[in-house]
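missing the sequence, but the structure's below:
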């Protein structure tokens with residue numbers, strides 16, 4: 001089984017913990033300390049919110065400010081369009097921002113959320129039939145209906 005751990009830098013660890021738990025994630029206290037917090041999305045997906053100073057020890061490369069530079073784009077699926085809208089509303093209420101307009105591709109609906117540090121997370125819903133058939137086949141079928 002594969003698990004994914006995404007390290008995201010933060011200038012305020014307590015603020016990051018509050019933000020992501022407001023979105024419905026939980027914290028794993030076993031892997032949370034003064035340098036990092038393990039944010040649990042589900043049994044396989046975790047964010048490690050890491051202080052900027054500690055994050056810099058993970059690489060010899062120059063780290064960037066997520067408010068001004070994109071280093072990675074993270075996308076997490078939700079079970080419905082309404083669930084996408086709900087998590088974006090929760091994120092904005094918890095101090096995040098929505099940097100772009102919602103995107104509706106017919107087979108997929110997505111919205112972007114920046115956390116208070118500027119780390120971007122996209123939340124999306126894809127129609128199950130589009131996953132099975134592929135987006136072009138799904139859209140062609142919808143056009144016939």
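Yes, it's here. Keep in mind the model is a prediction, meaning the values are calculated, not measured. Residues are numbered from 1 along each chain as shown.

So what would you say the end-to-end distance of stretch 121-130 is?
22 Å (C-alpha to C-alpha, to the nearest Å).

which stretch of helix or strand covers the residue nearest the centre of the chain?
Computing the C-alpha centroid of the chain and ranking residues by C-alpha atoms, centre = their mean puts residue 121 first, at 3.2 Å. Following DSSP states H and E, one finds residue 121 within strand 120-126.

Which residues are in contact with the nearest residue to residue 15 once chain neighbours are set aside?
Using C-beta to C-beta, 6 or more residues apart in numbering and skipping the chain neighbours, the partner closest in space to residue 15 is residue 116 (5.6 Å). Just so you know, the C-beta spots here come from the backbone N, C-alpha and C atoms, and that holds for glycine as well. Counting by C-beta atoms under 8 Å, 6 or more residues apart in numbering, residue 116 makes contact with 12, 15-16, 19, 95-96.

Flag every buried residue along stretch 3-19.
6, 8-10, 13, 15-17, 19 (16 or more other C-beta atoms under 10 Å).

Likewise for stretch 18-28?
19-20, 23, 25.

Just give me how far it sits from the chain centre.
12 Å (C-alpha atoms, centre = their mean, to the nearest Å).

Would you mind confirming that residue 91 is in contact with residue 113?
Yes - with contact defined as C-beta atoms under 8 Å, residue 91 counts as touching residue 113 (4.4 Å).

any residues in contact with both of those two?
residue 98.

hang on, residue 71 is in a helix, isn't it?
No - counting by DSSP: H, G, I helix; E, B strand; the rest coil, residue 71 falls outside a helix, being coil.

Quick check, pLDDT for it.
Listed pLDDT for residue 71 reads 85.

who touches the closest residue to residue 32 other than its chain neighbours in this structure?
Leaving out its chain neighbours, the residue that sits closest to residue 32 by C-beta to C-beta, 6+ apart is residue 38, at 5.4 Å. Listed by C-beta under 8 Å, 6+ apart, the contact partners of residue 38 are 27-28, 30-32, 46-48.
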